[in-house]
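Colleague: Test case, fold it:
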Amino acid sequence: MTRRTLLLLALVLPAAALPACGGGEPPTPARDGKVAVALDDFRFRPQAIRAGPGRLRFELVNRGRLAHTFRLTRRGRDIAKVPSMLPGERATTSVRLRAGEYRYLCALSNHEELGMHGTLVVP
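Modeller: Predicted structure coming up:
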């Protein structure tokens with residue numbers, strides 16, 4: 001190989017691996033119409049959920065040191081809301097879902113901007 005080819009490979013191969021390193025986690029599938037969601041400080045775990053159409057029950061627990069909320073939206077409209085949960089508190093909410101993409105977030109202060117949001121996909 002020529003020196004130019006080796007240099008080109010040295011530049012291209014690491015760049016090709018980047019999407020595998022920095023990509024988000026695969027969606028967590030809902031099981032038996034339920035999904036457990038932990039609210040940490042400025043992050044939901046999981047941040048991506050996949051569920052079938054129909055009734056879905058969110059089982060929420062605040063594992064952070066701050067109060068957090070849970071809000072599920074679609075096209076800018078609220079589908080479900082859970083008010084402020086203090087550290088250690090648990091809550092549940094159920095919704096009936098149709099196919100589409102939903103967003104969940106913490107509506108307190110700037111928590112959403114700090115990364116406290118996720119995506120729910122219903123194929």
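Colleague: Give me the phi and psi for the most centrally placed residue in the chain.
Modeller: By Cα atoms, centre = their mean, the chain has its centre lying nearest to residue 47, at 1.8 Å. Main-chain dihedrals, residue 47, degrees, to the nearest 10: phi -100, psi -10.
Colleague: same question, residue 25
Modeller: Dihedral angles of residue 25 (phi, psi; degrees, to the nearest 10) stand at phi -70, psi 150.
Colleague: tell me the contacts of it?
Modeller: Applying Cβ atoms under 8 Å, 6 or more residues apart in numbering, we find residue 25 in contact with 46, 47, 48. The C-beta positions use only the backbone N, C-alpha and C, and glycine is treated the same way.
Colleague: Now the second one. Nearest residue, chain neighbours left out?
Modeller: Read it as residue 47. residue 118 (4.1 Å; Cβ to Cβ, 6 or more residues apart in numbering).
Colleague: Can you read off the pLDDT for that neighbour?
Modeller: The predicted structure scores residue 118 at 98 on the pLDDT scale.
Colleague: Bridge partners for it, pull those for me.
Modeller: In this entry, residue 118 is beta-bridged to residue 104, by DSSP bridges.
Colleague: how close does it get to residue 39?
Modeller: With the distance defined as Cβ to Cβ, to the nearest Å, residue 118 ends up 10 Å from residue 39.
Colleague: out of those two, which sits in the busier spot?
Modeller: residue 39 (27 against 22; other Cβ atoms under 10 Å).
Colleague: Quick check: bridge partners of that one?
Modeller: Following DSSP bridges, residue 39 is listed with bridge partners residue 44, residue 62.
Colleague: and what of residue 72?
Modeller: The partner residues for residue 72, given DSSP bridges, come to residue 80, residue 104.
Colleague: confidence score at the nearest residue to residue 79 once chain neighbours are set aside?
Modeller: Once flanking residues are discounted, residue 79 sits nearest to residue 72: 4.5 Å by Cβ to Cβ, 6+ apart. Predicted confidence (pLDDT) for residue 72: 98.
Colleague: what's the answer for the one 5 residues further on, then?
Modeller: Per-residue confidence at residue 77 stands at 97 (pLDDT).
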